[in-house]
Structures are given as structure tokens and as C-alpha cells.
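Student: Predicted model and sequence below, questions to follow.
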Amino acid sequence: MKRNPYVQNTEQQTHEMLSTVGVASIEELFREQVPAELLQGATFQLPPPLHEMDLLREVRSIASQNTTLRQALSFLGGGIYEHFIPAALEPIVNRSEFVTSYTPYHPEASQGTLQVFFEYQTLMARLFQMDVSNASLYDGASALGEAVLLAIGVKPDRREIVIPETLHPHYRELVTTYLRWFDVEVRVVPMDHGRTSLAAVDAMCSERTAAVVVQQPNYLGCLEEVFEISRIAKGSGAMLIAVADPISLGLLAPPGAYDADVAVGEGQPLGMRPAFGGETLGIFTCRNEYVRRMPGRLVGLTTDRQGRRGYVLTLQTREQHIRREKATSNICTNHAHNALRATVYLALLGPQGLRWVARRCARNLNYFRTLLRNVSPSAEAFPDVPCFKEVVVRTKIPAREVVKQLASRNIFAGVALDHLGEHFQYDLLIAVTELRTDPEIERFVAALQEFV
């Protein structure tokens, strides 16, 4: 491998590092880590270089092949949603002092950024009805992973985590990955007609259970019996970790109401666009007693010697700062600008606005379900279960084919659930947010009619 002029390791240093890990060369290191089929023909066959004018023309030509949300009618969900974004949000969050601001290590020069984080924490703690929030993480999945690690630290003698089959599959995979090298068993609770089986939760909880995870609403859009799951978890001495959709909290009981110890969520619905799986924001809240185990950083409010209000970073229990090897987490950054977007979004809506969005989502989904039942009474996979924002529809042909056919008509029909297993290949997860109008819902149901 050719020497990279931007990497300043000497040949002796490189040799010492390779010897430490037990390989003779960097190429050998790559061969051990990267599957052979990915290494074959790995060189890029790029066309000759272009000057700027032709390059822009080429890129625009490629981009024009995309179908955007402005051109299509979208019922996509599965964790990333299209919600209305107030027009005032973009001018505020794109101010230069927000876009160019860096990590606020020096509070005397970062009061504006620190205040935003403080307001964000306040809003999240109030929204989730929890004692404290950190200043954000990467996404909802990583927030859940950190919550599980916190539970293991709080209850080191308990070596089991109970998670539901109805949990978002990406979240499930991440928890399994986080715990891969821990002596901790992940037990998966089977679903019962779209919801977590209470009998199975009761049977799995024991003196070995560190925490029980519940998602509300769950990945299939169904509302879980969270108060009963909380009772079972607490009865066994386990912690309760709740994963909640922040928009749903304008209508549904917040995690604090059903005694969650840690509550996390994906903040993307709060003023962020659905762009190829992002933008994302990891919400992490917990009870006061766990604040010193919370990952990431916390912004506090204080006064200086003149009695003036000031904001400072505090309780930074992370490896990047003084905690070093005693850190509770190796998370050392956050999605600061997305946390700003969430803060501005909630401030613009206020409690009444958020309640309106949640109610409108519930109303639109109910209208969709009513129309669908008139077309096909057996179309829904779980017709008797209350849902929020999403519902599973059973199709006559594989759901992935339905998605493909309707995409050709500029309708994004939803998420095919065949990734959950073979018995889900005829199931389509459909999201209906406050953005959808009655005529749009009627058009979609008419298009679905031949497939259900």
C-alpha cells in the first residue's frame, strides 16, 4: 500500500502497530476484516475528470432520476416520517451563529449554543415527563443501546434484557450488537396479534432481568399495554426502558406516567426531513437517580460572581473528558443542529400545536382505516388493535411488489415488512401523518383496492 502523505506515522511506528495486532502488513489486516467477495474488483472504474460546468450538468442529470416527496404521495414510515415543518424553522436554525458554532467547551464564548441545549433538555424532560434529559445522541436506536448499558450498570447482578418482538428491528439489532461481548442474554418476547404478549413478559421476567424494553407505539403502529408491562417489570425488580414517538406524546400517556426509569426516542419527527433514512436525533431521558450514569453531556444553569445567569457543560461522564476509563459511555458527540431543530419546532408549535398534530395524525389514520374496511373488511392485519400513525395492511401479492407498482404511479405506498420474516411478506406498513388530506387518502385507498 502506498504511503499516505497526510498520515504522519513513520514506517517504524506502522510496523510496531501491525506487530501488536499480529499481522505483517496493512493489506493482511484488511483481508482479515473485510469479506473476500467485497475485496475482489474493489478498484473504482471512474470516468475521466470533467470541468465544473459539465460535472454539474452530469450530477443534475443523475439527481433528476429521483422521485421526490414533492412529486409523489408518501405513506412511508417505519421510523422516519414526513411531518409538516413550520416555515419559520429554517430561517432560525440556518442562522450563521448556529450553523458554524462548534462544541461549547468554552462557556464564555458559547452562551447561545448552551442555552439552546438547556432549552432542548427542558422540553424533552417535560414532553417525556421524566426528571432529566441529556443534550442528545445520534438516533433513537443508539439511545436505546445506551439505555440498556445503563440498566446493566445499575443492576450488575442481573444478566438478562427482555425486549419485544414488536420493537423496531434496527433497534433490536443494535441492542444485540451492543451486548455482543457482554455476558448478557437478550430475550425476545413474542407478539400476540400485533402487540407484546403480556403472558410471555410475565414468564420471562425474573430475578435475572435487568430491564424490560417497550416501544409505544410499537414498530407495527399498535399501542402496547404499557401500564401492565410496567407493572410486570417492576414486580420482578427490573427497570423499565420506554421507546416513545415524541409526536404521539401530544395524545398518549408519556413514559413518566407509566413509571419508566429511562425513556428514549427518535427525534426525527420534530422538524427534520425524511432524507434517505435521516436526519436523526437520539432523545435520552431518565430519572434523577441515574443522572450520573447518563451518556453524553448535560447542560446546566448557574450564576457567575456578579449573579448573572449562565449556562455551562456539566456531568460530562464521557471518555473524552476527565472521566477517561471511568466513563459511563464512549458516546462523545451529539446531533447538535438537529437538537436545535427539535427545540425550535416544539417552541413554534407549543403544547396546543403538538396536541393538534397528534390528534390530526390519529384522525387521518382512523379515516384511512374506515375507508379501507369499506373496500375490504379483512385488509388489516390487526383490525381490533388501536394504532397511532401507522397500520399493517395485508396484500394479495407480496407487499414489496405492491410498493414497486404504486411507486410507478408516484405513490410511496409504505414499507414492505418481509424483512421481519417470510410470514410477513404480504404485510405492508402504512403511515398516515397530519400532512395527508382527505382527497389524498381517498386516492391512496382507491389505488390499494386492487391489491387488498
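Tutor: Looks like it arrived, so ask away. Owing to the predicted nature of the structure, the values given are computational and were not obtained by experimental measurement. Numbering: from 1, shown residues only.
Student: give me the low-pLDDT residue ranges for this protein?
Tutor: 1-3, 41-44, 317-324, 332-333 (pLDDT under 70).
Student: Which strands or helices does the helix ranked longest in it pack on?
Tutor: For the chain, the helix with the greatest residue count under DSSP state H is helix 336-375. Here helix 336-375 touches helix 89-93, helix 96-99, helix 111-128, strand 390-394, helix 438-448, going by 3 or more Cβ pairs under 8 Å, 6 or more residues apart in numbering; DSSP states H and E. Any C-beta I mention is one placed from the backbone N, CA and C, and that applies to glycine too.
Student: ok, now with 7 Å
Tutor: Packing partners of helix 336-375 (3 or more Cβ pairs under 7 Å, 6 or more residues apart in numbering; DSSP states H and E): helix 89-93, helix 111-128, strand 390-394, helix 438-448.
Student: May I see the buried residues of the first one?
Tutor: In other words, helix 89-93. If you call a residue buried by 16 or more other Cβ atoms under 10 Å, then helix 89-93 has these buried ones: 89, 92-93.
Student: Can you say which of the helices and strands packed on helix 336-375 is nearest to Gly265?
Tutor: helix 111-128 (7.4 Å; Cβ to Cβ).
Student: and the angle for the closest one with helix 336-375?
Tutor: Going by axes from the mean of the first three to the mean of the last three Cα atoms, to 10 degrees, helix 111-128 is angled at 30 degrees with respect to helix 336-375.
Student: Now the element after helix 111-128, going C-ward?
Tutor: strand 132-133 (DSSP states H and E).
Student: next SSE after that next one?
Tutor: helix 140-154.
Student: distance of Leu174 from His335?
Tutor: Separation of Leu174 from His335 (Cβ to Cβ, to the nearest Å): 16 Å.
Student: of those two, who's got more company?
Tutor: His335 (22 against 19; other Cβ atoms under 10 Å).
Student: and the more buried one, how far is that from Gln268?
Tutor: Counting by Cβ to Cβ - His335 and Gln268 are separated by 10 Å.
Student: shared neighbours of those two, which are they?
Tutor: 280-281 (Cβ atoms under 7 Å, 6 or more residues apart in numbering).
Student: what about the helices in this protein?
Tutor: Under DSSP H, the chain gives helices at 11-21, 26-33, 36-39, 52-63, 89-93, 96-99, 111-128, 140-154, 169-178, 198-204, 226-235, 336-375, 399-407, 438-448.
Student: looking at those helices, which is buried most?
Tutor: Comparing those by mean neighbour count (mean count of other Cβ atoms under 10 Å), helix 140-154 comes out on top with a mean of 24.
Student: tell me how far it is from the chain's mean position?
Tutor: Its chain's C-alpha centre and that of helix 140-154 lie 13 Å apart, by Cα atoms, centre = their mean, to the nearest Å.
Student: can you check stretch 48-64 too?
Tutor: 34 Å.
Student: who does the lengthiest strand in the chain pair up with?
Tutor: The longest strand of the chain (DSSP state E) is strand 209-216. Neighbouring strands of strand 209-216 in its sheet, by DSSP bridges, are strand 160-164 (parallel), strand 239-244 (parallel).
Student: which residues touch that strand?
Tutor: 144, 148, 151-152, 155, 158, 160-164, 166-168, 196, 201, 205, 223-224, 226, 229, 233, 236, 238-244, 252.
Student: cool, and stretch 63-77?
Tutor: 82, 274, 389-390, 410-415, 429-432, 440, 443-444.
Student: got TSV for the helices of the chain, with distance to Arg70 too?
Tutor: Putting the helices of the chain into TSV (distance: least, Cβ to Cβ, whole Å) gives the following:
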stretch	distance to Arg70
helix 11-21	50
helix 26-33	42
helix 36-39	36
helix 52-63	13
helix 89-93	16
helix 96-99	24
helix 111-128	29
helix 140-154	26
helix 169-178	27
helix 198-204	44
helix 226-235	37
helix 336-375	20
helix 399-407	15
helix 438-448	14
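Student: And stretch 244-256, what's buried?
Tutor: For stretch 244-256, by 16+ other Cβ under 10 Å, it's 244-252, 254-256.
Student: Can you flag which of these belong to strands?
Tutor: Ala244.
Student: Drop anything exposed from the contacts of stretch 63-77.
Tutor: For the contacts of stretch 63-77, buried by 16+ other Cβ under 10 Å: 82, 274, 389-390, 411-415, 429-432, 440, 444.
Student: Out of those residues, which sit inside strands?
Tutor: 390, 411-412, 415, 429-431.
Student: Can you tell me the centre-most residue of the chain?
Tutor: Residue closest to the average C-alpha location in the chain (Cα atoms, centre = their mean): Gly140, at 2.9 Å.
Student: wait, it sits on Pro269?
Tutor: No: counting by Cβ atoms under 7 Å, Gly140 stays clear of Pro269, with 10.4 Å between them.
Student: gap between Glu390 and Pro49?
Tutor: Distance from Glu390 to Pro49, by Cβ to Cβ: 46 Å.
Student: go on, Ala362?
Tutor: 54 Å.
Student: Return the member of the buried ones among the contacts of stretch 63-77 nearest to Asn374.
Tutor: Nearest to Asn374 among the buried ones among the contacts of stretch 63-77, with distances taken as Cβ to Cβ, is Phe444, at 13.7 Å.
Student: what's near enough to touch that closest one?
Tutor: 73, 75, 411.
Student: Repeat the analysis, applying 8 Å as the threshold.
Tutor: 73, 75, 368, 411, 413 (Cβ atoms under 8 Å, 6 or more residues apart in numbering).
Student: Ok, Gln111 next?
Tutor: 310-311.
Student: cool, and Pro190?
Tutor: With Cβ under 8 Å, 6+ apart, Pro190 has these contacts: 165, 197, 200.
Student: Same question for Leu315.
Tutor: Counting by Cβ under 8 Å, 6+ apart, Leu315 has contacts 291-292, 294, 297-298, 300.
Student: got it, and Leu340?
Tutor: With Cβ under 8 Å, 6+ apart, Leu340 has these contacts: 93, 98, 116, 120.
Student: May I see the residues you listed organised as JSON lines, with distance to Thr343 added?
Tutor: Conversion of the contacts of Leu340 to JSON lines gives the following (distance: Cβ to Cβ, whole Å):
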{"residue": "Val93", "distance to Thr343": "9"}
{"residue": "Phe98", "distance to Thr343": "11"}
{"residue": "Val116", "distance to Thr343": "6"}
{"residue": "Tyr120", "distance to Thr343": "4"}
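Student: Would you agree Pro269 is in contact with Tyr81?
Tutor: Yes: using Cβ atoms under 8 Å, Pro269 is in contact with Tyr81, at 5.1 Å.
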